[in-house]
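A.B. asks: Starting from these lines, generate the structure:
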Amino acid sequence: MLTCHNACAHRMYDDACPVSHSQIAFRKLRSRGVPCEMVLYPGEFHGWRRPANQLDGDLRVLHWFRKWLMSPAPKL
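C.D. replies: Predicted structure coming up:
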């Protein structure tokens with residue numbers, strides 16, 4: 001059972017991984033009170049087609065890592 005914070009970023013027209021899988025996971029996590037967020041990218045398939053969406057996705061991953069995995073900078 002997944003209990004840690006999670007981020008679901010999904011491309012709306014992904015034919016390899018149906019968007020319904022992310023929606024089910026997101027709803028289940030939310031119902032358990034697990035911190036999570038979901039972003040859907042319309043017009044995207046299994047790979048990135050729009051540079052702006054790719055940049056947004058990359059920045060969201062970076063933000064998620066900084067928020068949840070990096071320890072705060074030491075105070076000087």
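A.B. asks: Give the residue spans of the chain that score low on pLDDT.
C.D. replies: Applying pLDDT under 70 to the chain flags residues 1, 73-76.
A.B. asks: how far does the longest helix belonging to it sit from the chain's center?
C.D. replies: Longest helix of the chain, by residue count under DSSP state H: helix 51-68. Distance of helix 51-68 from its chain centroid, counting by Cα atoms, centre = their mean, to the nearest Å, is 9 Å.
A.B. asks: Now do it: which elements does it pack against?
C.D. replies: The helices and strands touching helix 51-68, judged by 3 or more Cβ pairs under 8 Å, 6 or more residues apart in numbering; DSSP states H and E, are strand 6-11, strand 36-41. For glycine as for every other residue, the C-beta is placed from the backbone atoms N, C-alpha and C.
A.B. asks: any idea of the angle that helix forms with strand 36-41?
C.D. replies: Our comparison of helix 51-68 with strand 36-41, counting by axes from the mean of the first three to the mean of the last three Cα atoms, to 10 degrees, yields an angle of 170 degrees.
A.B. asks: Thank you kindly, that will do.
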